[in-house]
Every structure is written in structure tokens, then in C-alpha cells.
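In: Let's see this in three dimensions:
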Amino acid sequence: MRINGTVWSARDIAARIDHTVLAPDATRKDMENACVLARAYGFKAVFTNPYWTPLVAELLDGSGIAAGISAAFPLGSLSTDAKVAEVMDAVARVDGKPCAVDMVTNIALLKEGHFDDYTRDIAAVVNAVEGRGIIVKAILETSLLNAEEIRTACRCAAEAGVDFVKTSTGRAGAPALSHIRIMREALPAHVGIKFSGFGTLNAPELALWAFFLGADVLGSPCGDVVVDVLSSGYAEVGMLAGS
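Out: From the prediction side, this is the model:
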């Protein structure tokens, strides 16, 4: 597959995917299966709810694949201290193994115009893990925001020092592809974009367009399907799209 003039192998695509296992009824077996897939495909990370983080970190140990911590998931309306405590508890339990944090932001603060508080809430988590080599993403829930709110949220998250800004958990509705360009225009070049929360229906097609529009990383519970389809059935379409 070729996008924006660059040829991507199946492994290249997989390295841009955070595989997710976030169902409340997910079991140990689901975690084991996800980590087997992650190793086989070479995903960027496997994101689970924090209870499973130590197990996932152990199962992925030595692979270079991060155990993803889904913090304040899925609502974001914890106190700042509670968010930091949740993240640091999970970080402590991975015992130095690679991990990453996706944190749901406090959407009410943004909606009410408390932009300094919104930024400080994000920055508290960023500062708590500073120096540990942990990537932090701020989840906006773009389906709940208008274009100007998305721009403002991106500027606040960048000011807070995040590595990526992420569209959605998917729990409050799927993001639109158009959100990617709004985000890219509002963010400095060094802050990446994660497109997620778009579900499983037509996931490979949505993934293709998301990459084409400028998403750097995808979050999906069907990362294997996305890789298989994009690296085979959409190879020719990808070349046309990227030419």
C-alpha cells in the first residue's frame, strides 16, 4: 500500500496501530490472544483497562510493544489527582516494562470555557510520567465537540505537553474523518494524531482514509483485519490514493 508517496508494508501498517481490548467483560484469555496477535503483527501497543496492564506488559515483555494504559476511561471526569493516581499505579505495576498512556480529558471543563484548568488536568499526567519514556495521548471525544472546540482542545493538549491527541474512545459516538484535518491544522507538527473510536464496520476503509488524511496512529479492536485488508486487497487503491 502506498499513501502520500510512501510505500507501507504490512509491518509498517501494524506499527501504526494500537490494538485494543477494552470490553468490560474481556477476560485473561482475551488478553493472551491480543498479545499473541500483537507479537505476530508488530502492533505499536495493546491497550486494555488498567487492571490488565501488568499482565499485558508481562506477555509483551521483550517485544518492544507497549502495554497501553486507558486512563479515566471512558468519561474523563475524574479529579486530576485521581487520574494521576490511576496512571501511576499502573506504571508502578508494569515494573519498568514499556507502556503508554491514553487519557480521557475533562470535557466539561472544555465546554465551560475553563481552558486553563483543562490544560492543567492534562499536564498533571504528562508531568507525572516525565522522564520515563512513556508516550501520553489526550483523548478529546471529538463527536461531542464542534470544530472550534476541537481546535481549542488541541491547542490546550499541545500546551500541556502531550505526544499525541486522540479523537475518541468511541463510547460517545464515532469521530468523523473531517476531524483529522481540523486537528492537524490546530496542532504543532511534533504532536501526532490518533484516530480511534470508529468501530469495526468498514474499519479497513476508514483506516485507509484516516491515514491518507494525516492520522499517525490508529486505535482499533480489529487491528489484524485492518492490516490484512490494507496490505492486500487495498494495495492498488492505496497507490492511486497516494499518487
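
In: A66 and A45, how far apart?
Out: As judged by CB to CB, to the nearest Å, A66 and A45 stand 4 Å apart. The C-beta positions use only the backbone N, C-alpha and C, and glycine is treated the same way.

In: Also A82?
Out: 23 Å.

In: This protein: strands as residue ranges?
Out: Here the chain has its strands, by DSSP state E, at 2-3, 6-7, 17-21, 45-48, 66-71, 99-104, 135-139, 164-166, 192-196, 217-220.

In: how about a markdown table for those, with mean pLDDT, mean neighbour count and distance to R93 added?
Out: Below are the strands of the chain laid out as a markdown table (pLDDT from 0 to 100; neighbours: other CB atoms under 10 Å; distance: least, CB to CB, whole Å):
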| stretch | mean pLDDT | mean neighbour count | distance to R93 |
| --- | --- | --- | --- |
| strand 2-3 | 71 | 18 | 37 |
| strand 6-7 | 78 | 11 | 38 |
| strand 17-21 | 97 | 25 | 17 |
| strand 45-48 | 97 | 27 | 12 |
| strand 66-71 | 97 | 28 | 10 |
| strand 99-104 | 98 | 25 | 10 |
| strand 135-139 | 98 | 27 | 18 |
| strand 164-166 | 98 | 26 | 23 |
| strand 192-196 | 97 | 25 | 24 |
| strand 217-220 | 96 | 26 | 22 |
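
In: now those strands as JSON lines including distance to Y118?
Out: Output for those, formatted as JSON lines (distance: least, CB to CB, whole Å):
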{"stretch": "strand 2-3", "distance to Y118": "33"}
{"stretch": "strand 6-7", "distance to Y118": "35"}
{"stretch": "strand 17-21", "distance to Y118": "24"}
{"stretch": "strand 45-48", "distance to Y118": "23"}
{"stretch": "strand 66-71", "distance to Y118": "16"}
{"stretch": "strand 99-104", "distance to Y118": "12"}
{"stretch": "strand 135-139", "distance to Y118": "10"}
{"stretch": "strand 164-166", "distance to Y118": "13"}
{"stretch": "strand 192-196", "distance to Y118": "19"}
{"stretch": "strand 217-220", "distance to Y118": "22"}
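
In: between these, which one is nearest to C156?
Out: Of all these, strand 135-139 sits nearest to C156, with 8.3 Å by CB to CB.

In: rewinding a little: now for the strands of the chain, which one comes closest to A174?
Out: strand 192-196 (9.6 Å).

In: partners of the closest one, with directions?
Out: Counting by DSSP bridges, the strands paired with strand 192-196 are strand 164-166 (parallel), strand 217-220 (parallel).
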